[in-house]
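Novice: this one's structure only:
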Ligand code: ATP
């Protein structure tokens, strides 16, 4: 398995320099675990969302989508178990009073020297008591070298309030996941569409968690975007193991084929019974090898009928399904593939980053379908009005088809390098020959090769190139 060669610092610096990601509120000194997406980053994010929606909703007969609120009725979160037990084990540095996740602290500690040998159990499997005992026994210290308090469960839900008058405000929450808006709408979806089991409901949208672990860039943020699917089925008619295998194949194929990720940087990890939520019969994480280690990209969980049952009990409203053939009434079971769009974003930047030593350039080899700009257009010289006018015409024409970049600053070599760094697959240069024979130079990002293409064939040429560069299909790995 190849090791990730690019450091997180390199990605963070590139992201800021080229307008992918900025630390949020930087003019006020920033805000922990919060980032804004710049002019180039926002295009990549939109392309990721679009690819997700296209693959999992538009292209499938057995899927529909919804868009529920960020602020739901607060009882939703009591029913789902988030108010009671959506927590992380936190410790406090007894000197600086900074807080850390106990499991993350032990993970860092285990990386030091021979420490990993002291771990007889996977960190994910340690209970709150076991974490406490471990920290005491091994004198695990904070990153500043100070002793820490015993871990306490800290709820991750963001509290907020509805109402303008203080004292009359009612407490509610920003959603901790998008999934519950699917469960609470289950009856509405059944009544308003023609869905029949098995079917899935997909949703893309913001979720919020009070995370304290810092330093993982957009991998772990307070506010993030999720792509969640609830796939409902009748457990008497569909084999859940088969459905899980099918979903594993679909996710793997999406990540490798659609997103163009190197399969050597991906693996499935099955949760042990101790790590798994009590209501889940099987959970897998699709992990990506980020520059700070193997981490969860996508969760895949068989959640039985737990969520629908909980929402039904707390609301007092039926969320049952009636089989149109047999008349049987029952609560469907569900499989949930849940991913963070921002974790996909970081994975793409990491996987696509390469340094071409022979040409001394950084190239972001993003699959063209996801590239923020498909094409860049340059006049060879800025101070030749006839070149600029011809280039502007081509630029305006291409813009009606794709997102296109324009650059006329500096020399042409520097402009190519700037586009390589943001992953633009093709650069079109208008030079003196264009004025004579209506041909342009097309330069390919990955090879730096250039060829002349007649202007009236340019769109056709680019379309062909964009279609043929779809990365090869990689079959599921289990
Ligand atoms: P982790 O163990 O890394 O905290 P999780 O198991 O709590 O993640 P889930 O509750 O399964 O995550 O959420 C589904 C998906 O949402 C995750 O696979 C991840 O891609 C994404 N996600 C969760 N928390 C965050 C976050 N704070 N920032 C960005 N993405 C997140």
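Specialist: All right, it came through fine. Note that the coordinates shown come from a computational prediction; the quantities given were computed from them, not determined experimentally.
Novice: Excluding residues flanking it in the chain, which one is nearest the residue of the chain found nearest the ligand?
Specialist: The ligand sits closest to residue 340 of the chain, with a gap of 2.8 Å, by Cβ to the nearest ligand atom. All C-beta atoms are positioned from the backbone trio N, CA, C, and that covers glycine. Nearest residue to residue 340 in three dimensions, chain neighbours excluded: residue 224, at 5.5 Å (Cβ to Cβ, 6 or more residues apart in numbering).
Novice: ok so, going back, let me see the contact set for the residue of the chain closest to the ligand.
Specialist: 224, 225, 226, 227, 297 (Cβ atoms under 8 Å, 6 or more residues apart in numbering).
Novice: what's the closest non-adjacent residue to the last one?
Specialist: For residue 297, ignoring the flanking residues on the chain, the nearest one in space by Cβ to Cβ, 6+ apart is residue 288 at 4.4 Å.
Novice: can you tell me the helix or strand for the one you found?
Specialist: Assigned by DSSP states H and E, residue 288 belongs to strand 282-290.
Novice: can you check residue 428 too?
Specialist: Here residue 428 is assigned to strand 426-430, by DSSP H and E.
Novice: which residues touch the helix or strand following that strand?
Specialist: Per DSSP H and E, strand 426-430 leads on to helix 432-437 as the next helix or strand towards the C-terminus. By Cβ under 8 Å, 6+ apart, the list of residues contacting helix 432-437 from outside reads 380, 386, 387, 390, 439, 440, 452, 454, 455.
Novice: Ok, stretch 25-41 next?
Specialist: Stretch 25-41 is touched from outside by 15, 18-24, 45, 211, 213-214, 217-218, 220-223, 345, 372-373, 422, with contacts defined as Cβ under 8 Å, 6+ apart.
Novice: what about 7 Å?
Specialist: With contact meaning Cβ atoms under 7 Å, 6 or more residues apart in numbering, stretch 25-41 is reached by 15, 18-24, 45, 211, 214, 218, 220-223, 372, 422.
Novice: for residue 279, what are its contacts?
Specialist: Residues near residue 279 by Cβ under 7 Å, 6+ apart: 303, 304, 306.
Novice: Near the ligand, which residues of this structure are found?
Specialist: Residues of the chain lying near the ligand by Cβ under 6 Å from any ligand atom: 177, 209, 211, 220-221, 224, 226, 296-299, 338-340, 342-343.
Novice: What subset of the residues you listed is buried?
Specialist: Buried by 16 or more other Cβ atoms under 10 Å: 177, 209, 211, 220-221, 224, 226, 296-299, 338-340, 342-343, out of those.
Novice: domains for this protein, by residue range?
Specialist: 61-84+172-352, 87-155, 362-477 (automatic domain parsing).
Novice: Output those in JSON lines; the columns should cover distance to residue 34.
Specialist: Output for those, formatted as JSON lines (distance: least, Cβ to Cβ, whole Å):
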{"stretch": "domain 61-84+172-352", "distance to residue 34": "6"}
{"stretch": "domain 87-155", "distance to residue 34": "17"}
{"stretch": "domain 362-477", "distance to residue 34": "22"}
